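# fold the stuff below for me.
(one chain, ligands or ions: 1)
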Amino acid sequence: MLLLCSLSLPTLAAEFPADFGVHKVTIDPGHGAPGNPGNENCTCAEEEDEMLRVAVELRDHLVATGHFDVHMAREGEATPEYWPRVNAAAAYGSEAFLSLHSDTRAQATEVDGCSTNTEHPGFSVLYSDEPEDRERRAGLGRAVSDAMAAQGFTPYSGADYGQAYDADPTAGVFIDRRGLLMLRRPTMPSVIIETHHAWAPDEVAAWQTTETLDRFEEAVTVALIAFLTVDEASTAEAPHPPPPPDP
Ligand SMILES: [Zn+2]
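Numbers count the residues shown, from 1 in each chain. Below is the predicted model:
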């Protein structure tokens, strides 16, 4: 029998442990707060609209697995501020907070009235290493990056990040040095996923396709399975962690 599928195509079949159950997560489509539409990409589309599009597809995919209840930090025409998003994620009982963004890197050249830069491709995942929950945040970030790389996405080198972020040992993962609210304030582990370089025409074109969105959705699913499974194992082993020392 002939196998016609390409061996280079990643598999799209996240496997859930039998006892995985149903977990609650929050997806935050980046920006969309009053006066904060985010970047304009190389087609002049605004980040708030692009990320809402990606977030809705991701939500639908996660819910369709039957293993996730998903809270959207914003939806439709709503323009909530950031603190209410953080509080709503906690009230929902979210176990992970995923904020979706696209990056703008280095200097842009104007092409047809929009900003373009063909260098600095790839995704990055950002987390905060402030002491509280540092290992779980790092674990979520590394799980997302590993799963995206496994789906064929390119980890960004970080060449243009300067002082803003420090590189984590895992490729594509960076530690926030800007004190970003969405990384420091959620009471559950949170990451920002810079899905692609918004000024890079090939990446922007790819993120319009179902094929790319499918691979991203699969990657996030795999990452959440890994993160939440490890999380439960470590919780089970240490049900009564010692209280932190007084500062
Ligand atoms: Zn952004």
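# around the ion, which positions in the chain sit nearby?
Proximity of the chain to the ion is assessed by CB under 5 Å from the ion, with 30, 38, 101 identified as the residues in range. Heads up, the C-betas are built off the backbone N, CA and C, glycines and all.
# the ion: which of the residues you listed is nearest?
Distances from the ion to the residues of the chain next to the ion, taken as CB to the ion, are shortest for His101 (3.4 Å).
# ok, that closest one to His196 distance?
Look at His101 and His196: by CB to CB, to the nearest Å, they are 10 Å apart.
# and the strands in the protein, which stretches?
23-29, 68-72, 96-103, 109-111, 114-116, 124-127, 165-167, 173-176, 190-197 (DSSP state E).
# next, the angle from the third one to strand 23-29.
Between the axis of strand 96-103 and that of strand 23-29 there is an angle of 20 degrees, by axes from the mean of the first three to the mean of the last three CA atoms, to 10 degrees.
# next, count neighbours for Arg215.
21 (other CB atoms under 10 Å).
# count of neighbours near the nearest residue to it once chain neighbours are set aside?
Across the structure, with CB to CB, 6 or more residues apart in numbering as the measure, the residue nearest Arg215 apart from its sequence neighbours is Gln151 (4.2 Å). By other CB under 10 Å, the residues close to Gln151 number 20.
# tell me who's in contact with Gln151.
10, 215-216, 218-219 (CB atoms under 8 Å, 6 or more residues apart in numbering).
# list buried residues within those.
215-216, 218-219 (16 or more other CB atoms under 10 Å).
# wait, which of those is closest to the ion?
Proximity of the buried ones among the contacts of Gln151 to the ion, judged by CB to the ion, is greatest for Phe216, which lies at 16.1 Å.
# right, and that closest one touches Met51 too?
No. With contact taken as CB atoms under 8 Å, Phe216 and Met51 are classed as non-touching, separated by 11.8 Å.
# Val22 reaches Phe68, doesn't it?
Yes. Here Val22 reaches Phe68: they are 6.7 Å apart, a contact under CB under 8 Å.
# who's more crowded, these two?
Each of Val22 and Phe68 had its neighbours counted (other CB under 10 Å), and the higher figure belongs to Phe68 (22 against 9).
# distance of the more buried one relative to Gly152?
When CB to CB is applied, the distance between Phe68 and Gly152 equals 23 Å.
# how about the buried ones among the contacts of Gln151 in TSV, adding distance to Asp160 and pLDDT?
Below are the buried ones among the contacts of Gln151 laid out as TSV (distance: CB to CB, whole Å; pLDDT from 0 to 100):
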residue	distance to Asp160	pLDDT
Arg215	25	97
Phe216	22	98
Glu218	28	97
Ala219	23	98
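# hmm, which two among those residues are most spread apart?
In these, two members sit farther apart than any others by CB to CB. They are Phe216 and Glu218, at 7.3 Å.
# so what's the residue count around Gly76?
With neighbours defined by other CB under 10 Å, the count for Gly76 comes to 9.
# now do Ala149
By the criterion of other CB under 10 Å, Ala149 has 17 neighbours.
# ditto for Ser115
Ser115 is surrounded by 18 other residues when neighbours are defined as other CB under 10 Å.
# show me the contacts for it.
The contact partners of Ser115, by CB under 8 Å, 6+ apart, come to 40-42, 104, 108-109, 199.
# which among those count as buried?
The neighbour-count test (16+ other CB under 10 Å) applied to those identifies 40-42, 104, 108, 199 as buried.
# nearest to Tyr127, of those?
Distances from the buried ones among the contacts of Ser115 to Tyr127 were compared by CB to CB; the smallest belongs to Thr104, at 20.1 Å.
# could you measure from the closest residue to Ala226 other than its chain neighbours over to the ion?
Of all residues beyond its chain neighbours, the one nearest Ala226 is Ala143 (4.5 Å), with distances taken as CB to CB, 6+ apart. Ala143 sits 21 Å away from the ion when distances are taken as CB to the ion, to the nearest Å.
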